[in-house]
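give the three-dimensional model of this entry:
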Amino acid sequence: MPADESGTIMVFAPVPLLTVTIEKQSDEPELHVHPGGQGIWQARMCAGLGASVTLCAAVGGEIGEVISLLLQGEQIEVRAVRRSSGSGWYVHDRRDGTRDEVADHAGEPLGRHDIDELYSTALAAGMSARVSILSGPAAPEVVAPEVYRRLAADLGANGGTVVADLSGDHLTAVLEGGVDFLKVSHEELIAAGRATGDSVEELVDTGRDLRKQGAGSVLISRADQPGVALIDDEEPLLVELPALQVVDHRGAGDSMTAGVATVLARGGKIHEAVRTGAAAGALNVTRHGLGTGRKEAITELTKRVRLTPI
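Below is the predicted model:
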C-alpha cells in the first residue's frame with residue numbers, strides 16, 4: 001500500500017463514556033469533564049498524530065447528549081447512532097494525587113436495533129478507511145462479542161486492515177473473525193488464563209498461540225517493562241521503551257494502539273508502527289490527559305524505542 005501523509009482510520013467505540021475528574025493543582029479544586037472510553041482515547045491520539053479519524057459510537061439519554069456536545073470539540077468526524085437507553089459515565093477524584101473512583105456506570109447494553117444501526121454505520125465507515133480500530137466497551141456485557149467477530153470478518157474480507165485492542169470473550173471473538181494487528185496487555189492475558197506469568201518466554205509462547213488463532217501480528221504490553229512483539233514470521237522482538245517519569249499510567253495501552261494504527265494507515269512499515277505505538281504509550285504516562293501527547297515529542301521518542309530480537 002503506498003504511503004499517505006494522513007491516513008484514514010475508523011474507530012469502533014460502541015458505548016463511549018462521560019468522564020468527570022476532580023483535581024487540585026493549587027488551593028482550589030478543578031473539575032474536568034470530557035468524552036472518554038477506550039475508543040475515544042484511541043481516536044484522540046490518532047488525530048493528534050495527524051490521521052483522519054471517523055468515530056462510530058452509540059449515545060443515548062442525558063449523558064449521551066453531553067457526550068455528543070463535547071465530541072464536537074475533538075478533531076475527529078463523529079458518526080453517532082442515537083439510542084433510547086443511557087450512555088456510560090464515571091466520576092474520579094484525584095485531589096490527593098491518586099485516582100479514586102467515586103462512582104461509575106458502564107452504560108446500558110446495546111439492544112438489537114442499536115446494534116443493527118451501529119454495525120451498518122461502522123461497516124460503511126470502515127470499508128472506506130485504510131485501518132479500523134475495534135475498541136472494547138467499559139464492561140463486557142454492554143456489547144456482545146459476536147458483534148466484534150462479524151465486524152472483524154466483514155472488514156477484513158473487504159480489504160480493510162483491522163487493529164484490535166480487546167480482552168476476554170471479545171478478544172476470542174475478534175480472533176475468530178481475523179485481525180491484522182492485535183495489541184493486548186499481559187495482565188489481560190493472565191486474567192483470561194491465556195498466560196500463567198509475565199516472563200518474556202511465557203508471553204512469546206502466548207503470542208504465538210494468538211497468531212495461530214487468527215492474529216496477524218501481536219504486541220503485548222507489560223506495564224513499565226519492555227513489551228513483546230511478534231511480527232509476521234520473524235523472530236520475536238523485545239520492545240524497549242525510553243524511561244520517563246509516570247504521572248498516570250492509564251491510557252498508555254490505548255495510545256500504543258493508536259500509534260500503531262496511525263502508521264499502518266499511512267502505509268508505513270510494521271516495525272515503524274510498533275516503535276511509534278511504544279513511543280505514544282510512553283509519552284501518555286507523563287500526562288494527566290488520556291490519549292494525549294504532542295506529535296513532535298512522540299516523533300523524538302520513536303527514535304529511542306529499541307526492537308531487540310529475543
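
check contacts around residue 158.
With contact set as CB atoms under 8 Å, 6 or more residues apart in numbering, residue 158 has these partners: residue 127. From N, CA and C alone the C-beta is placed, and that goes for glycine too.

ok, now residue 57?
Applying CB under 8 Å, 6+ apart, the residues contacting residue 57 are 13, 14, 15, 16, 39, 40, 78, 79, 80, 81, 118.

please report phi then psi for the second one.
Right, the one you point to is residue 14. Here is the backbone geometry of residue 14 (degrees, to the nearest 10): phi -60, psi -40.

which non-adjacent residue is nearest it?
Among residues not flanking residue 14 along the chain, residue 143 sits closest, at 4.7 Å (CB to CB, 6 or more residues apart in numbering).

pretty sure that neighbour sits against residue 109.
Yes. Checked against CB atoms under 8 Å, the pair residue 143 and residue 109 is within contact range at 7.4 Å.

tell me which of these two has more neighbours.
With neighbours defined as other CB atoms under 10 Å, residue 143 and residue 109 compare such that residue 143 has more, 23 against 15.

how close does the more buried one sit to residue 65?
Separation of residue 143 from residue 65 (CB to CB, to the nearest Å) stands at 21 Å.

quick check: what element follows the lowest-mean-pLDDT helix or strand in the chain along the chain?
Ranked by mean pLDDT, DSSP states H and E, the helix or strand of the chain with the weakest confidence is helix 295-302, at a mean of 88. Of the helices and strands lying after helix 295-302 in sequence (DSSP states H and E), the nearest is strand 306-309.

partner strands of that next one and their direction?
strand 237-240 (antiparallel) (DSSP bridges).

what helix or strand is the spatially most central residue of the chain on?
By CA atoms, centre = their mean, the chain has its centre lying nearest to residue 254, at 3.7 Å. Under the assignment given by DSSP H and E, the secondary-structure element containing residue 254 is helix 252-265.

just checking, what packs against that helix?
On a contact count with 3 or more CB pairs under 8 Å, 6 or more residues apart in numbering; DSSP states H and E, helix 252-265 meets strand 8-12, helix 38-48, strand 131-135, strand 161-165, strand 179-185, strand 215-222, helix 270-284.
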